[in-house]
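*Asks:* How does the following fold in three dimensions:
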Amino acid sequence: MATATAPALRNTTTHWQTIDREHHIHPFTQQKELAEIGSRVITRAEGTYLFDSEGNKILDAFAGLWCVNVGYGRKELADAAHKQLLELPYYNTFFKTTTPPAVELSQVLSDLTPPDLNYVFYGCSGSDANDSIVRMIRQFWNMTGKTSKKNIISRINGYHGSTMVAASIGGMNYMHELADLPLPGFIHIAQPYWFAEGGDMTPADFGLKTAKALEDKILELGADKVAAFFAEPIQGAGGVIVPPETYWPEIQRICKKYDVLLIADEVICGFGRTGHWFASDYFKIKPDFMTMAKGITSGYLPLSAVMICDRVAKVLFDSDLAHGYTYSGHPASCAVALENIRIIREEKMVERVHNETGPYLGQRLKELLDHPLVGEVRNLGFIGAIEIVKDKTKRKTFEPVGNAGTVCRDHCIRNGLMLRATRDTMLISPSLTWTKAHIDEFMTIVKKGLDLTLKDSKGW
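*Replies:* Numbers count the residues shown, from 1 in each chain. Predicted coordinates:
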């Protein structure tokens with residue numbers, strides 16, 4: 001039973017940490033460890049800065065969770081939600097019904113995304129969007145008489161969400177081990193991670209080799225038994241893995257050759273993060289489905305969207321889609337998405353990241369290659385990574401893997417910079433509103449974090 005909190009302690013860090021410890025289960029968290037140290041309590045945010053309950057100001061280099069593309073405190077988004085909530089706070093899109101925000105957003109998304117993606121299905125998160133795609137894929141192949149096409153192929157260390165189906169699509173072993181996953185019919189192949197796995201191969205040759213892993217798996221299973229290939233254009237949670245330039249053209253050739261549907265998961269990469277509206281634009285990917293969430297509303301309200309190609313949509317039109325969510329096409333979320341996209345367009349955020357701030361971030365990151373711990377840096381626009389290594393010449397990591405990244409992350413946070421570590425890779429994903437001054441501030445703190453990590457590593 002919870003212990004009553006004394007009035008004098010209300011609205012303090014101790015008060016919130018106590019309640020959090022007693023009642024709140026956090027995602028992707030070791031609860032016992034968190035209970036011992038207490039949660040970090042974020043109380044407000046402004047622009048690209050977070051403020052915690054102790055009054056600390058923190059530069060957010062991760063845009064919340066890859067999502068606050070237009071920055072914090074946007075009154076326009078709050079006003080759009082407020083207006084819609086007063087006018088029509090909710091109605092469903094079942095029973096041959098729709099709402100103006102859902103309709104208008106569908107046209108905007110059709111215009112923004114690659115050609116042939118003209119139909120939209122709404123959900124609340126990237127996880128449920130990918131679940132929905134699997135349902136549609138199965139229905140599509142069943143309706144076209146190719147009922148044996150059931151297997152879904154994706155990549156090791158790919159991330160596509162955390163529901164049972166989405167986690168099965170993803171290739172995170174630690175998620176699988178804890179929940180008896182993946183479900184049957186979900187298969188994982190090599191990732192295009194040249195820095196960690198390319199050995200003596202050139203990036204170009206390695207890109208072709210890892211793409212060939214898809215063809216090899218299709219032939220092993222039988223093309224008549226493979227339904228689709230899921231992939232993030234750039235693997236996000238897996239370590240911001242930017243594939244070699246040879247990778248995506250070969251993947252598309254293989255999918256077309258064997259009639260395998262191609263799904264581009266743009267949950268992280270979409271809405272300007274790469275300096276393009278979508279990473280599919282940069283890599284010239286022509287997907288059959290596209291998954292969107294996060295940046296679609298800049299995280300202000302939950303919303304996901306599945307873009308569906310004409311070929312699939314026209315088949316699905318011939319029967320009921322026995323699938324949907326209470327909040328599919330929620331009018332307030334769609335209204336916020338419309339306003340969010342308007343802001344990105346009007347303030348030319350995509351163009352600025354492409355032409356100015358993205359290249360500047362890349363230029364500044366290259367300075368870190370002189371640091372003893374940094375083996376590689378990479379970015380495309382405002383998604384980037386810093387690889388921490390023990391031996392730069394051999395690209396050898398510290399043991400156990402993940403310790404150095406965690407130590408560096410914690411040093412950065414203590415010095416006023418919020419960023420994330422995957423294994424020993426520091427991940428960067430700021431709001432598109434970052435200026436060169438924000439990048440300079442980031443660099444000052446991240447260099448300090450690396451120096452402190454180097455000092456700590458002497459005993460490893």
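*Asks:* ranges for the strands of the stretch 151-300 of the chain?
*Replies:* Assigned by DSSP state E, counting those that start in this stretch, the stretch 151-300 of the chain shows strands spanning 151-155, 186-189, 226-231, 261-265, 289-292.
*Asks:* Identify whichever of these lies nearest to Ser298.
*Replies:* strand 289-292 (12.5 Å; CB to CB). (C-beta placed from N, C-alpha, C; glycine too.)
*Asks:* Who are the packing partners of that closest one?
*Replies:* Judged by 3 or more CB pairs under 8 Å, 6 or more residues apart in numbering; DSSP states H and E, strand 289-292 is in contact with helix 126-143, strand 261-265, strand 304-309.
*Asks:* just so I know, which of those lies nearest Tyr119?
*Replies:* Closest among those, using CB to CB: strand 304-309, at 4.4 Å.
*Asks:* circling back to that earlier point, compare the helices and strands packed on strand 289-292 and give me the one nearest Pro359.
*Replies:* Closest of the helices and strands packed on strand 289-292 to Pro359 is strand 261-265, at 24.1 Å (criterion: CB to CB).
*Asks:* Residues contacting that closest one, please?
*Replies:* Defining contact as CB atoms under 8 Å, 6 or more residues apart in numbering, one finds that strand 261-265 is touched by 126, 130, 133, 137, 140, 158, 160, 227-233, 251-252, 255, 278-280, 285-291, 312.
*Asks:* So which bits of stretch 204-217 are buried?
*Replies:* 206-211, 213-215, 217 (16 or more other CB atoms under 10 Å).
*Asks:* Could you dump the residues you listed into CSV and include distance to Asn92 and pLDDT?
*Replies:* Converted to CSV, those look like this (distance: CB to CB, whole Å; pLDDT from 0 to 100):
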residue, distance to Asn92, pLDDT
Phe206, 48, 98
Gly207, 45, 98
Leu208, 47, 98
Lys209, 48, 98
Thr210, 43, 98
Ala211, 42, 98
Ala213, 42, 98
Leu214, 39, 98
Glu215, 43, 98
Lys217, 40, 98
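*Asks:* need these in a markdown table with distance to Glu266, can you?
*Replies:* Shown next, in a markdown table, are these (distance: CB to CB, whole Å):
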| residue | distance to Glu266 |
| --- | --- |
| Phe206 | 24 |
| Gly207 | 20 |
| Leu208 | 24 |
| Lys209 | 25 |
| Thr210 | 20 |
| Ala211 | 19 |
| Ala213 | 22 |
| Leu214 | 19 |
| Glu215 | 24 |
| Lys217 | 23 |
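*Asks:* so where's the stretch 301-450 of the chain uncertain?
*Replies:* Judged against pLDDT under 70, the stretch 301-450 of the chain has no low-scoring part.
*Asks:* what about the strands in it?
*Replies:* Using DSSP E, counting those that start in this stretch, strands in the stretch 301-450 of the chain cover 304-309, 374-380, 383-388, 417-418, 420-422, 425-428.
*Asks:* elements contacting the first one?
*Replies:* Using 3+ CB pairs under 8 Å, 6+ apart as the contact test, the elements touching strand 304-309 are helix 100-112, strand 117-123, helix 126-143, strand 289-292.
*Asks:* How far does the third one sit from its chain's centre?
*Replies:* What it means is helix 126-143. Its chain's C-alpha centre and that of helix 126-143 lie 19 Å apart, by CA atoms, centre = their mean, to the nearest Å.
*Asks:* what does the shortest one give?
*Replies:* Its chain's C-alpha centre lies 12 Å from the corresponding centre of strand 289-292 when counted by CA atoms, centre = their mean.
*Asks:* which residues touch it?
*Replies:* Outside strand 289-292, the residues within contact range by CB under 8 Å, 6+ apart are 109, 113-114, 117, 126, 129-130, 133, 136-137, 160, 261-267, 270-271, 278, 280, 304-309, 312.
*Asks:* before we move on, the earlier item: please tabulate the strands of the stretch 301-450 of the chain in TSV, including the columns distance to Ala166 and mean neighbour count.
*Replies:* Listed next are the strands of the stretch 301-450 of the chain as TSV, based on distance: least, CB to CB, whole Å; neighbours: other CB atoms under 10 Å:
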stretch	distance to Ala166	mean neighbour count
strand 304-309	11	26
strand 374-380	24	21
strand 383-388	20	25
strand 417-418	25	22
strand 420-422	18	20
strand 425-428	20	25
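*Asks:* So which of the ones you listed is nearest Glu347?
*Replies:* Among these, the nearest to Glu347 by CB to CB is strand 383-388 (19.2 Å).
*Asks:* Any quick ChimeraX command for the buried ones out of the contacts of strand 289-292?
*Replies:* For the buried members of the contacts of strand 289-292, the matching ChimeraX selection, counting by 16+ other CB under 10 Å, is:
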select :109,113,114,117,126,129,130,133,136,137,160,261,262,263,264,265,266,267,270,271,278,280,304,305,306,307,308,309,312
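*Asks:* picking that back up, could I get the strands of the stretch 301-450 of the chain as TSV with distance to Lys149?
*Replies:* What follows is the strands of the stretch 301-450 of the chain, written out as TSV (distance: least, CB to CB, whole Å):
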stretch	distance to Lys149
strand 304-309	16
strand 374-380	33
strand 383-388	33
strand 417-418	43
strand 420-422	33
strand 425-428	35
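*Asks:* To Ile296, which of the ones you listed lies closest?
*Replies:* Ile296 sits nearest to strand 304-309 of all the strands of the stretch 301-450 of the chain, at 6.2 Å, using CB to CB.
*Asks:* center of this structure, which residue is that?
*Replies:* Closest to where the C-alpha atoms of the chain average out (CA atoms, centre = their mean) is Ile268, at 3.0 Å.
*Asks:* Quick one, grab the pLDDT at it.
*Replies:* Per-residue pLDDT puts Ile268 at 98.
*Asks:* measure it to Gly236 for me?
*Replies:* Counting by CB to CB, to the nearest Å, the gap from Ile268 to Gly236 is 4 Å.
*Asks:* anything in contact with each of those two?
*Replies:* With CB under 8 Å, 6+ apart as the test, Ile268 and Gly236 both reach 66, 383, 429.
*Asks:* Specify which member of those is nearest to Glu177.
*Replies:* Nearest to Glu177 among the shared contacts of Ile268 and Gly236 is Trp66, at 24.5 Å by CB to CB.
*Asks:* give the contact list for Gln235.
*Replies:* Neighbour list for Gln235: 155, 157-159, 191, 193, 241 [criterion: CB under 8 Å, 6+ apart].
*Asks:* Identify the bridge partners of it.
*Replies:* On the basis of DSSP bridges, Gln235 takes part in beta bridges with Ile241.
*Asks:* Which pLDDT value belongs to it?
*Replies:* pLDDT recorded at Gln235 is 98.
*Asks:* Ok, Tyr90 next?
*Replies:* Per-residue confidence (pLDDT) for Tyr90: 97.
*Asks:* The one 4 residues further on now?
*Replies:* According to the predicted model, the pLDDT of Phe94 comes to 95.
*Asks:* Which residue comes closest to it once chain neighbours are left out?
*Replies:* Residue nearest to Phe94 in three dimensions, not counting chain neighbours: Gly324, with 6.2 Å by CB to CB, 6 or more residues apart in numbering.
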